[in-house]
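Student: the following block contains a protein sequence and its predicted model.
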Amino acid sequence: MGETRGSTTTTSRGADQTVVIEARGLVKRYGSLTAVDHVDLAVEPGTFFGVLGPNGAGKTTLLELIEGLRQPDAGEARILGEPTWPRDTGLLPRIGVQQQASSFFERLTAKEQLEVFADLYGVDHRRVSELLEMSGLTDKSKTKTEDLSGGQKQRLSIACALINDPEVVFLDEPTAALDPQARRNLWDVLRGINDRGATVVLTTHHMDEAEVLCDRIAIMDHGQILTVDSPAALVRDLGAATRINLRAGAIQVEEARGIRGVEGVSQEDGTLSLTTHDPTHALTELARRDALDGLQVTGANLEDVFLNLTGREYRA
Amino acid sequence: MKAFLALTRAQWKGFWRERQNLFWILAFPLMFLVLFGSIYRDDVAPKYELVQVGDVALFDRMPAEGRQALADVFEITKTTDKAAAIQKVKDGDADGAVSMTGNTLEVSYSGADATAAGMLQGTLDSFVQSANQAVSKTPATFRLKSTRVEDSRLKPIQFLAPGLLGWAVAMGATFNSAMPFVQWRVNKLLRRIRLTPVRPESLVGSRALLSIVIALIQTALFIGIGVAFFGLKLSGAAWAAIPLVMAATLAFMALGLIVGAISKTVDAASGIANVVTLPMAFLSGSFIPLEMAPDWLLAISKFMPLRWLNDGLMDVLVRGKGAEAIGLPILVLLAFAIVCSLIAARLFKWDDKAA
């Protein structure tokens, strides 16, 4: 079926639906802790949807509620129009889930793991070599999962989530504990899944990851969704200042404060930071004083959005 | 069906590729069989060590067949120093010291080993009697003819092989359900499987099939090695051990599921499974016969599934009983399996947090 699907943002199978994932008033409590606190959510077909938040924000629990792994204390989650609780074996073949832990059968090779999952879904084994190829594990197909690296395990885990060619894919922090190179490799894989038409929901605590991959982002903290929008709109709406970093000593702190439009100056760890809403003027002034040593200019990013929304340090 | 076969195959491969499994479930119990089997291998009664002081006319004048009978029972060493001979008995190096003064045969023995002491006195006494008879030239009026009967107290290997096999099956099935179950819960494979359209029965069924096959392999190995190397003699409807072992596997697997459900970590599961199976093996007579056990202990042992397995195995493997002997044990074991399964189902959790 995969080859008949286009690379547009709508799926042929989900075309009759305007909402693929829907959560209404979801609540989950563990003792006195409310892990998910009245969450409403709607995800449109073909979206690459990110759930962003610090550790303990409730991202994983929210995903588990939506996937039907846990019973909500209140509210309801639907995927493709079907309630996900109680367990619905008719719906399960249409979704794919990659969990935080690498959950594999003991002592099986990468290829054997995929074959078992193929059989569990009743899918043809031809799909196995396809997925090994896609996840770059073809040369590791005879390696036992215990002997794979962290990144290889993650990719295999994602491949297992795709074995049934799902319409909706959930990925829970797929790049956690990966080195930068492996992360970028995995991003390509994830984009590929979305390009083939699947709706992808991803949790992450990496701002850059959400910014690069996602069409829409929900920012979550304390079990609640604070806002949902596209990454660009979130940053734009923030109206945040631009930060100009220089090597410490490039210009005297007092002198920097004197530049028109500079709102704040701080110096630490050998770096002098200026914040301003008028970067053109500030940069011109700095250039005129020949004080551009070690220059870095950063606009507002999701991290600023996050700090602005939660008012607290980001615990990545 | 496809999912059931896939799960069975996956677990089968995983089992054989883990060397620890091979050790604990196959090699370890077999080691016990080899160890105990070797200790008790000598079916012949041990010889008694006798120190002969000086000349003992009674022995020396004995006809050839009498001398042979003497040599069969005693290992005789000669000395001339009576005090040294008695010291040897005191030290436990000899069972008795014998000397002859005039027409009196004098024997000194240790009271520490009642059997040896009895044997020594009895045998020597009979030698004296027959010597007296020979001297008086009176033909014997009464004769003793003895025939050995297989009594319910079995020879060591006959008892050890079924008992140790029962223990091996119990341990294998309990560990083999408790530990993977916890491991799958901890590494979230159980949840992952739950997200596939697999029916829970396929999962439990595949595990049961694997456990039964492993138990039957244990049975074949135990009986094979027992017969080939340790003089195990099968008598009775030995084939009936197969359905019996299968029923027992289900019972212990269900027990293992309870252990798995209450254990948070794999290590805890292993510990609890040990705490359950090891005392049960003693209480069920796997290592030592229950004949000398007090009544209250026998009453407790009736609640142990392993006791029923051991009794059934012994009946059809070495006590010469027919297949009807496993009827009641199988019923008890299946009932145990059902009760434990129901308890395990109530305690079952897909993952560590409450659903």
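Tutor: Structure received. Computed from a prediction, not measured in an experiment: that's the story for all the values here. Residues are numbered from 1 along each chain as shown, chains lettered A, B, ... in the order given.
Student: contacting residues around whichever residue of the stretch 101-250 of chain A sits closest to chain B?
Tutor: The minimum distance from the stretch 101-250 of chain A to chain B, using Cβ to the nearest Cβ, falls at residue A:119 (3.2 Å). Yep, even glycine has a C-beta here, placed from its N, CA and C like the rest. Counting by Cβ atoms under 8 Å, 6 or more residues apart in numbering or on different chains, residue A:119 touches B:2-3, B:5-6.
Student: pull out the buried members of the residues you listed.
Tutor: The neighbour count (16 or more other Cβ atoms under 10 Å in any protein chain shown) marks B:3, B:6 as buried among the contacts of residue A:119.
Student: between which two of the contacts of residue A:119 is the distance greatest?
Tutor: Pairwise distances across the contacts of residue A:119 (Cβ to Cβ) peak at 7.4 Å, for the pair B:3 and B:5.
Student: check the secondary structure at the residue of the stretch 101-250 of chain A closest to chain B for me.
Tutor: Three-state assignment for residue A:119 (DSSP: H, G, I helix; E, B strand; the rest coil): helix.
Student: leaving out chain neighbours, which residue sits closest to it?
Tutor: In space, and not counting its chain neighbours, residue A:119 is closest to residue B:6: 3.2 Å by Cβ to Cβ, 6 or more residues apart in numbering or on different chains.
Student: near chain A, which residues of the stretch 51-200 of chain B?
Tutor: Proximity of the stretch 51-200 of chain B to chain A, by Cβ under 8 Å from any Cβ of the partner chain, involves residues B:180, B:183-184, B:187-189, B:191-199.
Student: so the residue nearest to residue A:119 is in which element?
Tutor: For residue B:6, the host element (DSSP states H and E) is helix B:2-17.
Student: quick check: mean pLDDT of that helix?
Tutor: Averaged over helix B:2-17, pLDDT sits at 93.
Student: for that helix, packing partners?
Tutor: Secondary-structure packing of helix B:2-17 (3 or more Cβ pairs under 8 Å, 6 or more residues apart in numbering or on different chains; DSSP states H and E): helix A:110-121, helix B:200-230.
Student: what angle sits between the shortest one and helix B:2-17?
Tutor: Between the direction of helix A:110-121 and that of helix B:2-17, the angle (axes from the mean of the first three to the mean of the last three Cα atoms, to 10 degrees) works out to 150 degrees.
Student: quick check, distance from helix A:110-121 to the centre of its chain.
Tutor: With Cα atoms, centre = their mean, to the nearest Å as the basis, helix A:110-121 stands 26 Å off its chain's centre.
Student: buried members of the residues of the stretch 51-200 of chain B next to chain A into ChimeraX, please.
Tutor: Buried members of those, defined by 16+ other Cβ under 10 Å, are picked up in ChimeraX with:
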select /B:180,183,184,187,188,189,191,192,193,194,195,196,197,198
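Student: among the residues of the stretch 51-200 of chain B next to chain A, which ones are in strands?
Tutor: If you go by DSSP state E, those have nothing in strands.
Student: and the closest residue in space to residue A:256 that isn't next to it in sequence, what are its bridge partners?
Tutor: In space, and not counting its chain neighbours, residue A:256 is closest to residue A:265: 4.8 Å by Cβ to Cβ, 6+ apart. Beta-bridge pairing for residue A:265 (DSSP bridges): residue A:274.
Student: ok, residue A:265 touching residue A:257?
Tutor: Yes: counting by Cβ atoms under 8 Å, residue A:265 does reach residue A:257; the two are 5.2 Å apart.
Student: do you know which of the helices and strands packed on helix B:2-17 lies nearest residue A:132?
Tutor: Per Cβ to Cβ, nearest to residue A:132 of the helices and strands packed on helix B:2-17: helix A:110-121, 6.5 Å.
Student: return the distance of stretch A:265-284 from the chain's centre.
Tutor: Relative to the mean C-alpha coordinate of its chain, stretch A:265-284 is positioned 30 Å out (Cα atoms, centre = their mean).
Student: cool, stretch B:92-104 as well?
Tutor: 39 Å.
Student: likewise stretch A:160-175?
Tutor: Relative to the mean C-alpha coordinate of its chain, stretch A:160-175 is positioned 13 Å out (Cα atoms, centre = their mean).
Student: what is the end-to-end distance of it?
Tutor: Stretch A:160-175 has an end-to-end distance of 16 Å (Cα to Cα, to the nearest Å).
Student: what's the mean pLDDT across that stretch?
Tutor: 92.
Student: kindly report the same for stretch B:315-328.
Tutor: Mean per-residue pLDDT for stretch B:315-328: 93.
Student: what sits up against that stretch?
Tutor: For stretch B:315-328, contacts defined as Cβ under 8 Å, 6+ apart pick out B:152, B:154, B:158-159, B:161-162, B:223, B:232-241, B:243-244, B:308, B:312.
Student: quick check, pLDDT for residue 147.
Tutor: Defaulting to chain A. pLDDT for residue A:147: 94.
Student: my question was about chain B
Tutor: pLDDT for residue B:147: 60.
Student: same question for the one 5 residues further on.
Tutor: Residue-level confidence at residue B:152 comes out at 49, pLDDT.
Student: same question, the one 3 residues further on
Tutor: At residue B:155, the model reports a pLDDT of 74.
Student: now swap in residue B:347 and tell me
Tutor: pLDDT, residue B:347: 90.
Student: and if you look at residue A:4?
Tutor: You'll see residue A:4 listed with a pLDDT of 41.
Student: now do the one 3 residues further on
Tutor: Reading off the confidence values, residue A:7 has pLDDT 40.
Student: check residue A:135 too.
Tutor: Residue A:135 is assigned a predicted lDDT (pLDDT) of 85.
Student: now, of the contacts of stretch B:315-328, which are buried?
Tutor: Buried by 16+ other Cβ under 10 Å: B:154, B:158-159, B:161-162, B:223, B:232, B:234, B:236-237, B:240-241, B:244, B:308, B:312, out of the contacts of stretch B:315-328.
Student: rewinding a little: minimum distance to residue B:351: which of the helices and strands packed on helix B:2-17 has it?
Tutor: Smallest distance to residue B:351 across these (Cβ to Cβ): 14.6 Å, for helix B:200-230.
Student: what's the pLDDT at the residue nearest to residue A:256?
Tutor: pLDDT for residue A:265: 87.
Student: and what of the one 4 residues further on?
Tutor: In the prediction, the pLDDT value recorded for residue A:269 is 82.
Student: and it, how far from residue B:184?
Tutor: Here residue A:269 is placed at a distance of 47 Å from residue B:184 (Cβ to Cβ, to the nearest Å).
Student: over to residue B:32?
Tutor: Applying Cβ to Cβ to residue B:32 and residue B:184 gives a distance of 30 Å.
Student: check residue B:255 too.
Tutor: Taken as Cβ to Cβ, the span from residue B:255 to residue B:184 is 18 Å.
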